[in-house]
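*Asks:* how does the following fold in three dimensions:
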Amino acid sequence: FSLVICSFLLGGASASPIGALRGFIADEFFSNSIIEASGLTTVPDHSHLVGVSDHGVIFFLNLDGSDSNHCAADLTSLTANNFEGVTVDFTAWTPTDMSAYVVHEGSSTDEPMLHHIKYFYDPSDGSCNATVLTSDSLKAGIPCLTGDHGIEAIAYKETDAVSGEPIFLVGLQDSDKGVYEVTASGQSAATSCYDGGGMDLRGFSYDDANDILWYVADNANKFVGYKMDEGCEIASFDTPAGDITSEEGVTIDFLNKIVYIANDGKDGTSFVAMYDWDDNGVGTTCPPAPDCGDGICGLNEDCYSCSLDCPGRTGGNPSRRFCCANGECSGEGCSSLSGDTCFGAGTTTTCSFAACDGGGTDTGGCSIDDSSQCSNLDGSTTCKACPDICQWRRGSCSSL
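*Replies:* So this is what the prediction gives:
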């Protein structure tokens, strides 16, 4: 697939609030520690979250509602302990056999690593421990990982049907190559590096049922879904800036419809915010590519790129200028529009100016949407019904 993330924050699906803020998890736990939360993941039985800190700590947050018995295990004895992302193999994890995969960021002089960590955590009494099973370099397995670019995120994608080995998506730091696939042993699992558009990806979670990568970017206050196999933004949700200021990790409980977003504490104490979230209204397929001339002012079309479908006035008096784009109007002249005129231009006669009445039907209102069509009006009455774009002079109608 082709992964192009460059339009995530600038275009694509419109943003709406993510959902009600349920609260913050483990406030006291974080306030009494120096943990800077970075990566975050749920586990299959929804009993706890597994998180990591970029100071060599793996921690466990109890989700039984008591907001107690959280626990942290110190792994600073590892040389490669700048932990940035964590995930689990959702097909292999069980309450009696708990393990997680953690990425060490790395740099040009410090190879990024993938650690497989066996852990024990009992939410009933807050006891925990962790042991590193394997550590594998990711340097050779990711051909687009060059310079100082390290690893910022990891998410479980699937299990290889032949080898039985889990495959993970990893997010590359500050790179124009944003996402790559690796195996649990740190080997390449893809044929190319996927374009990341230079976005500062910090954490993501993968919806394997719909092939959607949900991610957060540092200081962006956005939670965004990207359709992997088709290459488009599916949805974008705002996360309140007062709650999240330095997003580092995100994970989704699809069963209970909750999104957890971790702040790494650069602006103070770390925290994990918990939001209600319903993905039932989120599409699972990309919108069709724009088709100029189909009579619909659709996605990625505007009065500049496709005046056939999207009416507009880009010259003359600024107070009368407007431009239709993606089915919406922008510009001071929008106030003169009558009705939902940015849709259906070219197919159904629509009304674009104050002189129109009756929604632009043949009732004496302006019957065109663009000044280039003035010459098609064959009478003074129809021409004068469009005074903002047409003029009747010497027996013919022409644009202003």
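
*Asks:* where does pLDDT dip in the stretch 251-400 of the chain?
*Replies:* 265-268, 280, 288-290, 299-300, 315-319, 326-327, 335-366, 369 (pLDDT under 70).

*Asks:* ranges for the strands of it?
*Replies:* Ranges of strands within the stretch 251-400 of the chain are 258-263, 271-276, 312-313, 322-325, 328-330, 390-393, 396-399, based on DSSP state E, counting those that start in this stretch.

*Asks:* distance check, residue 74 against residue 114.
*Replies:* Taking C-beta to C-beta, to the nearest Å as the measure, residue 74 and residue 114 are separated by 20 Å. Every residue, glycine included, has its C-beta placed from N, CA and C.

*Asks:* who has more neighbours, those two?
*Replies:* residue 114 (26 against 15; other C-beta atoms under 10 Å).

*Asks:* what does the helix or strand that one falls within contact?
*Replies:* For residue 114, the host element (DSSP states H and E) is strand 113-122. Applying C-beta atoms under 8 Å, 6 or more residues apart in numbering, the contact partners of strand 113-122 are 48, 50, 58, 60, 69, 71, 73, 75, 78, 80, 98-104, 106, 127-138, 154, 168, 182, 184, 186.

*Asks:* what would the strands of the stretch 251-400 of the chain look like in a markdown table with distance to residue 294?
*Replies:* Formatted as a markdown table, these follow (distance: least, C-beta to C-beta, whole Å):
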| stretch | distance to residue 294 |
| --- | --- |
| strand 258-263 | 36 |
| strand 271-276 | 38 |
| strand 312-313 | 17 |
| strand 322-325 | 14 |
| strand 328-330 | 18 |
| strand 390-393 | 25 |
| strand 396-399 | 24 |
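
*Asks:* of all these, which lies closest to residue 371?
*Replies:* strand 396-399 (3.8 Å; C-beta to C-beta).

*Asks:* for that closest one, name the packing helices and strands.
*Replies:* Taking 3 or more C-beta pairs under 8 Å, 6 or more residues apart in numbering; DSSP states H and E as contact, the helices and strands that strand 396-399 lies on are helix 380-384, strand 390-393.

*Asks:* and these: which comes nearest residue 264?
*Replies:* strand 390-393 (59.0 Å).

*Asks:* quick one: strands adjacent to the helix or strand that the strand holding residue 114 is followed by?
*Replies:* Per DSSP H and E, the first helix or strand lying C-terminal to strand 113-122 is strand 127-137. Applying DSSP bridges to the sheet, strand 127-137 is found paired with strand 113-122 (antiparallel).

*Asks:* now the strand it pairs with, how far from the chain's geometric center?
*Replies:* How far strand 113-122 lies from its chain's middle: 28 Å, per C-alpha atoms, centre = their mean, to the nearest Å.

*Asks:* CA-only coordinates of that strand, as CSV, when you get a sec.
*Replies:* What follows is strand 113-122, C-alpha atoms only, in CSV (Å, rounded to 0.1, in the frame of the first residue of the first chain):
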residue,chain,number,x,y,z
MET,A,113,16.1,-1.5,19.3
LEU,A,114,13.0,-3.7,19.6
HIS,A,115,12.8,-5.3,23.1
HIS,A,116,10.5,-8.3,23.8
ILE,A,117,9.7,-8.0,27.5
LYS,A,118,8.0,-10.6,29.7
TYR,A,119,6.1,-9.0,32.5
PHE,A,120,3.9,-9.8,35.5
TYR,A,121,1.3,-7.4,36.9
ASP,A,122,-1.5,-8.1,39.4
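
*Asks:* buried sites along that strand?
*Replies:* Residues of strand 113-122 classed as buried under the neighbour-count rule (16 or more other C-beta atoms under 10 Å) are 113, 114, 115, 116, 117, 119, 121.
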